[in-house]
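Colleague: model this:
(one chain, ligands or ions: 1)
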Amino acid sequence: MDNRPIGVFDSGIGGLTVVDALAKSLPNETIYYVGDTARVPYGNKSKSRIQQYSEEIITWLNKKDCKIIIVACNTASALALKYLSSIFSIPIIGVIESGVNRGILMSKNNRIAVLGTSATIRSNEYEKRIKAAKPGTLVVSQACPLFVPLAEEGWIEGKIPMQIAAHYLAKIKQEGVDTVILGCTHYPLLKRTISKTLGAKVNLVDSGDAVVKNVTLTLEKTNGFSSGDNGKIKCYVTDAPSLFDDIASSFCFKKTEQAIQIDL
Ligand code: DGL
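Modeller: Model (predicted):
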């Protein structure tokens, strides 16, 4: 048994979609979440900058004695996971592997789309991994950078988000994909808008739901489950917390404590 917290981080609010999924499946675990709201978005930054920011956050979470780190950011998972695993000894889990596995399982016609930030799509990580796991799969990749500020603002439905979604998803609609991987943890906040645009028959894969199994297996292997009976969610942000708190309380299944502003 290990009652230390699970550390989770993202560039902003998006990783809370992962926290939400973790809290539903592992309600006894305490989660420390860092949202790097002062430096969001990561999706238009360089690899070395994303590695530096991620390293700073994990160093901070390590000082809080976390037992495991979840990189609840596809951009950091695509560009920094290898680097981070090489410099820290604590187990670090990214979101891409689980999203790929779930997407492959769900697709019946082997036509999968991946939505992500510009940096994630440029890295080609999803396409490489899908094709390695299931050769012959058609993969359509699309960067949707404006979805991140929409999610950060809580502007997730209505005319403008629908217009932006229609613009980004036009090519995907023509390709006959049956499964779309939401390869950015901000995007599940726009799930309704994305689903309305693509039609209800298209499966949407959410990083949060997908990564839970991986985290559970890792805790099982290390005998790391908490023996407590009601885990807490503590949020830390790198800029003023007010907007973050409003949006977090609007979609998180479990009540998060008020976010605390930190310097990394
Ligand atoms: N939520 C993050 C991701 O999954 C990062 C979005 C951003 O900061 O651009 O990629």
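Colleague: I'd say L26 and V212 touch.
Modeller: Yes - L26 is in contact with V212 according to CB atoms under 8 Å; the separation is 7.5 Å. Where you see a C-beta, it was placed from the backbone N, CA and C, and this is true even at glycine.
Colleague: Point to the residue nearest the middle of the protein.
Modeller: T185 (3.1 Å; CA atoms, centre = their mean).
Colleague: ok, it - contacts?
Modeller: Counting by CB atoms under 8 Å, 6 or more residues apart in numbering, T185 makes contact with D10, G14, G15, T17, V18, A72, C73, N74, V95, S207, G208.
Colleague: G94 contacts T75, correct?
Modeller: No - with contact defined as CB under 8 Å, G94 and T75 do not form a contacting pair (10.4 Å).
Colleague: Please enumerate residues in contact with the helix or strand of the chain with the lowest mean pLDDT?
Modeller: Every helix and strand of the chain was ranked by mean pLDDT, DSSP states H and E. The lowest is helix 242-251, at a mean of 83. Surrounding helix 242-251, the residues in contact under the criterion CB under 8 Å, 6+ apart are 12-13, 16-17, 20, 35, 37, 152-154, 189, 235, 237, 255-256, 258-259.
Colleague: before we move on, back to that, same drill for G94 and T75, tell me which one is more crowded.
Modeller: T75 (33 against 25; other CB atoms under 10 Å).
Colleague: That one sits in which helix or strand?
Modeller: With elements taken from DSSP states H and E, the one containing T75 is helix 74-87.
Colleague: Up against the ligand, what does this structure have?
Modeller: Counting by CB under 6 Å from any ligand atom, the chain comes close to the ligand at 10-12, 14, 40-43, 73-75, 117, 120, 148, 184-186.
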